[in-house]
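> Sequence first, then the predicted structure:
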Amino acid sequence: MADWRQGTQRATGNARLRMSAGMADIDAPSSITARFDAHQKASCRPMGGSGHCINDPQHAMSHPSIRIIQDEHSALTAMLRSMSMLVQRGPVDRPEQFFDVMRAMLFYMDEFPERLHHTKETQLLFPPVAARSEATRDVISKLAHEHEVGEAKVRELQHLLLGWELLGDSRRERFEVALKAYVEFYLDHIRLEESVVIPEARKVLEPSDWRLLDAAFTTESNPLTGKYPREPLYDRLFTRIAMHTPAPIGLGN
């Protein structure tokens, strides 16, 4: 797997979603991020007996990398759920817009989490935790394998979506089944990272490990969290997603 720094040439970097509607700008912290927060609270799942929710920023303690991982997981969860909602609604009477935004969302899933977020977790988070915690090694091995196959799953979805768009409704069910499986796969993956790996990382990692992790995750962070400086290169992509996608990720109906 390529070094995570190489992924920055293809990934989103530090971007914050800004959307234009006519002459007015909609700033991400007051719109998209608020939707993430509401979605996160509504789907709170207690972590063990701590009373904290998975993805709860208050549980991230003092490590910037953990806060960012949890923010990114929250953004990815919102994206996945919005994709499911959009497909359930279907193209209706606007098929061009539907397929356009679905392509954009799948491109985002390939561009950011598969090529950058996962690479940093695999190279910088998993190895030191596994080295110091034998009990987590099987789980980490499973998660690392899921990182390896995740990109292929996205590419399969892109192909199936194109088949639906070009060949019609005879290909719709194949896409719907594959997307449902992918969403379940990804949400289970996130839950496993946050319920096993992150709590163990807090117990066993050394200050030198945290310095590497914090440096890596604060350099390139998920643009859809709405908490980092915008990258103009990706403005068009995120505008397209936000303006035509239902909540929690966007402002569409």
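Sure thing, it's come through.

> for this protein, which spans come out with low pLDDT?
For the chain, the stretches flagged by pLDDT under 70 are 1-61, 114-115, 220-233, 246-250, 252-253.

> Count the residues that sit near residue 167.
Burial measure for residue 167: 10 neighbouring residues, criterion other CB atoms under 10 Å. Glycine gets a C-beta too; all of them are placed from N, C-alpha and C.

> And it, how close does it get to residue 152?
22 Å (CB to CB, to the nearest Å).

> isn't residue 77 right next to residue 187, touching?
Yes - assessed by CB atoms under 8 Å, residue 77 is found in contact with residue 187 at 6.6 Å.

> longest single helix anywhere in the protein?
Longest among the helix segments of the chain by residue count, using DSSP state H, is helix 137-167.

> Give me the next element, helix or strand, following that one.
helix 172-192 (DSSP states H and E).

> between that following helix and helix 137-167, how big is the angle?
Counting by axes from the mean of the first three to the mean of the last three CA atoms, to 10 degrees, helix 172-192 points 160 degrees away from the direction of helix 137-167.

> Could the C-alpha coordinates of helix 172-192 be exported in CSV?
Taking C-alpha atoms only, helix 172-192 is exported to CSV below (Å, rounded to 0.1, in the frame of the first residue of the first chain):
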residue,chain,number,x,y,z
ARG,A,172,-31.3,-1.5,-10.5
GLU,A,173,-31.7,-4.4,-8.1
ARG,A,174,-28.0,-5.5,-8.6
PHE,A,175,-26.8,-2.1,-7.6
GLU,A,176,-29.3,-1.8,-4.6
VAL,A,177,-28.2,-5.2,-3.2
ALA,A,178,-24.5,-4.3,-3.6
LEU,A,179,-24.9,-0.9,-2.0
LYS,A,180,-26.8,-2.3,1.0
ALA,A,181,-24.0,-4.9,1.5
TYR,A,182,-21.4,-2.2,1.2
VAL,A,183,-23.1,0.2,3.7
GLU,A,184,-23.5,-2.6,6.3
PHE,A,185,-19.8,-3.7,5.7
TYR,A,186,-18.6,-0.2,6.2
LEU,A,187,-20.7,0.6,9.3
ASP,A,188,-19.6,-2.6,10.9
HIS,A,189,-16.0,-1.7,10.1
ILE,A,190,-16.3,1.7,11.8
ARG,A,191,-18.0,0.2,14.9
LEU,A,192,-15.2,-2.4,15.3
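
> Give the buried residues for that helix.
172, 175-176, 178-179, 182-183, 186-187, 189-191 (16 or more other CB atoms under 10 Å).

> so what secondary structure elements neighbour that helix?
Packing partners of helix 172-192 (3 or more CB pairs under 8 Å, 6 or more residues apart in numbering; DSSP states H and E): helix 64-89, helix 137-167.

> so what secondary structure elements neighbour the first one?
Under the contact criterion of 3+ CB pairs under 8 Å, 6+ apart, the helices and strands touching helix 64-89 comprise helix 32-42, helix 95-109, helix 172-192, helix 198-204, helix 207-219.

> The ones you listed: which one's closest to residue 86?
Closest to residue 86 of the helices and strands packed on helix 64-89 is helix 95-109 (CB to CB; 6.6 Å).
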